[in-house]
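K.L.:
My questions concern the predicted model and sequence given below.
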Amino acid sequence: MSPESVLRALLDQQLLPPEQAALIRTDEAQRPFSLHHELRLLLYVGIVLLSGGLGVLIYQHLDDIGHGVVVAAIALLMLLSLGYAARHRQPFSWGEAAKAGFLPDYALLLGCLLFVTLETYLQVQYGLFGTRYGLATLLPALVFLPLAYRFDHRGVLAMGITALAAWVGVTIQPLSAFTTNDFWHSRLSTAAMLLGLGLMLAGLLSERYGRKAHFAFTYISLGSNLLLIAATVTLLDFTPGYGSFPPVLLVPLILLVCAALVWYARRTHSYLLLLMGVGYAYMAVTYTLVRFIAATDSGEAGFTLLLLYVPLSAAGVVWLFLNIKKILRLR
Amino acid sequence: MSFYAYHPDWPHHEAIQEQATRWQRRGLLTAGQLAAAQARFPLDFYRPHLFLRIGLFLFTTLGALAGAGFVGMMFQFNFLGTLIVSLIIGAVVLEMAIRGKRLYHSGADNALLYLELLGLVVLIFYFTYETLSSYPSPDPTPGTARLTVALLLTQAVLLLATLRYADRLVAVAAYLNGLLLLGNVLLLLPHGTLLLPFALCAASAAAYLWFTRQLQRPERLYYHRCLGLLRGLALGTAYLAVNYWAVREGNMALMAPEYHSYAFVAPQIPLAWLFCLLTATIPLFYLVQGLRRPDRTWLWLGLLTAAFSVFTLRYYRSLLPAETAATLAGAFFVALAVWATRYLHSARHGLTSAPDDAEDPQLDLESLVVAQTAHSAPAAATAGVQFGGGHSGGGGATGAY
């Protein structure tokens, strides 16, 4: 629909005075054509090509350059980014701080990413931490979490939480990932569930007491995902390890967390959390039904029940989505 | 019963609201005026957030396929019976869901429509290849009369579906089906292979002109989203039809199958210099046109075809080692982007590097709004115009889902 016909429609309904319509017409005729997105894309592609090409070139000529120079360059770049972010910092507050523009945000993110790069480089090349992997994973968490609170940055918060989860995993089950190739051993999944519960609690508390209340979404979405994934993997494990939760406990736990998610999604009008709650709950219910049919050994009747369950449950989920505005209490 | 599946007011209201929102963000309308326009032209259809649309699409597909399986069980998995009954039920459900729930490209109706069309295409190919002739032939070969019949039938189905539902993916499928049909007819003729690139290019160009003309007609508003996409697609196929790589490899694919066994490299094609020239110049032409008109479709197609031309060049000749080429090109792109952003910071030649909905602080709305007649607009909480209040968040620091 051309701007002119929109204008005419608005004028016909007397939704704007004719003088303003004339002004809009002039603006439409004279407004320059924006190349904003195209130039950003060009810049992005250029940076990707440049960093990729330079990375390969440095790798090929590493013997001529030497590790010390590379480490120094990364460290210098990291300090520059963090320094730039620190120079444009806003005064600290427990609420959502005003933004000084998008560049300091990106500089902080780049600095944090370079910190991980530097740490990895030092560990791989010089074995800085030796076999103390716990320390190597705890260090980013200890750096990122305070930075996230000081600079009011949710991306850095998510990186800090991820580092924390890695630290918990490495501490609980040292080297199991390398030796047995069993990532989701029973103790590990129990620890992941506890950490997820703690993160969700942290989110709720930060909202309740107004301490960076806008971080609550990051805490709750990451925490609930960790908890639900760990619980689901344990649930679907064919050979459950010694001491892992039995399905009798896991299914109610998943359903309880899903109910909490749906409750929270209704409060904050969040689509993503509602989808997660519904999706994991659907899987838990389906699992229970299949286990029930398999356990009762009902043969033909069980097969028919399953055949009916799939289309009907899909229809139920579709109905849920179609009425989501009422469920989320949106207008 | 209207020919349009969706109420024609929906695209109309949607277009008005989009444009009014853009003007409001630019500071040309007050928040109150936007609210009044939204109240007068309401969006009373159902199209949720993108996440939900994806969820709806997946669950509708799952439910429909399971339902078809259920139908199959009732028909003892007889192929034709199952397919036809499922298609009839699916069509009824699709129409009733759109009517009753006021769906408008909401994921659920898309999924049902695609499944329906997929079933119809399977049915058509089944009929032309299994029942229509005395001897069944296993796979469709290009350049046969039977494939032409099948493509004609699918063309009719896709065209009707596009006209009724105005779905963008179906429109793309209909357009590509048309090109396929044209190519297939040409291959039936003598010297068809030689004519093929030029005929497809000319057909794409003609389609582009027709789409552009239709886009300017207000009574085609129902199809605007389709036509906008098809316009870009027509430019793309016009380039691809004469792209050196596409012509050379396509020529190889169309050769007699026994040739493939001993040829590792596609053989050189006649008029190679012409195709090379076109591959090199068409992207430049698109880019120059995109900046001169200025037109975003031409600009984007220029960028895409330029990338494809670079791929074509590097496929046959490698001028520099990849990492050196990437470094040099990256440095050039960064320098070009930085220079152009600074050069166009204040608008020149009708171009600017500022975002499109950037507010223009020269306009003084307050004086105009005083003259405005009072409305019974819903009381919007934001009062007056907020100049320079733009919110920018980057680096994943903000944003809610």
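P.N.:
Happy to help now that I have it.

K.L.:
quick one: pLDDT of the residue in the stretch 151-300 of chain A that chain B sits nearest to?
P.N.:
Chain B sits closest to residue A:155 of the stretch 151-300 of chain A, with a gap of 3.3 Å, by CB to the nearest CB. To be clear about C-beta, it is placed using only N, CA and C from the backbone, and glycine gets the same treatment. According to the prediction, residue A:155 has pLDDT 85.

K.L.:
which SSE is the residue of the stretch 201-331 of chain A found nearest chain B in?
P.N.:
Of all residues in the stretch 201-331 of chain A, residue A:314 sits closest to chain B, at 3.1 Å by CB to the nearest CB. In the assignment (DSSP states H and E), residue A:314 maps to helix A:300-322.

K.L.:
and whichever helix or strand comes after that helix with chain B, contact?
P.N.:
Next along the chain after helix A:300-322, taking DSSP H and E as the criterion, comes helix A:324-327. Yes: contact between helix A:324-327 and chain B is present through A:324, A:325 (criterion: CB under 8 Å from any CB of the partner chain).

K.L.:
in chain B, which residue is closest to the centre?
P.N.:
Chain B has residue B:229 as the residue nearest its centroid, 3.9 Å off, counting by CA atoms, centre = their mean.

K.L.:
I figured that one hits residue B:169, correct?
P.N.:
No: using CB atoms under 8 Å, residue B:229 makes no contact with residue B:169, being 9.1 Å away.

K.L.:
returning to what we had before: would you mark the buried spots in the helix holding residue A:314?
P.N.:
Neighbour-count burial for helix A:300-322 flags A:302, A:309, A:310, A:311, A:313, A:314, A:315, A:317, A:318, A:320, A:321, A:322 (criterion: 16 or more other CB atoms under 10 Å in any protein chain shown).

K.L.:
can you check stretch A:134-146 too?
P.N.:
Using 16+ other CB under 10 Å as the test for burial, stretch A:134-146 gives A:134, A:136, A:137, A:138, A:139, A:140, A:141, A:143, A:144, A:145.

K.L.:
Among those, name the ones in helices.
P.N.:
Mapping the buried residues of stretch A:134-146 onto helices (DSSP state H) picks out A:134, A:136, A:137, A:138, A:139, A:140, A:141, A:143, A:144, A:145.

K.L.:
So which bits of the stretch 151-300 of chain A are right by chain B?
P.N.:
A:152, A:153, A:154, A:155, A:158, A:217, A:270, A:271, A:272, A:275, A:279.

K.L.:
Just give the number of residues close to the closest residue to the fifth one other than its chain neighbours.
P.N.:
What that stands for is residue A:158. Leaving aside its sequence neighbours, residue A:158 sits nearest to residue A:218 (CB to CB, 6 or more residues apart in numbering or on different chains; 5.6 Å). Residue A:218 has 22 neighbours, counted by other CB atoms under 10 Å in any protein chain shown.

K.L.:
Residue A:218: what's it in contact with?
P.N.:
Counting by CB atoms under 8 Å, 6 or more residues apart in numbering or on different chains, residue A:218 makes contact with A:154, A:157, A:158, A:161, A:203.

K.L.:
Secondary structure element for the third one, which one?
P.N.:
Going back to what we said before, that points to residue A:158. Going by DSSP H and E, residue A:158 is part of helix A:154-172.

K.L.:
hmm, who's touching that helix?
P.N.:
Outside helix A:154-172, the residues touching it (CB under 8 Å, 6+ apart) are A:105, A:108-109, A:112, A:133-134, A:137-138, A:140-141, A:143-145, A:147-149, A:177, A:187-188, A:191-192, A:195, A:199, A:214-215, A:218-219, A:222-223, A:226, B:395-398.
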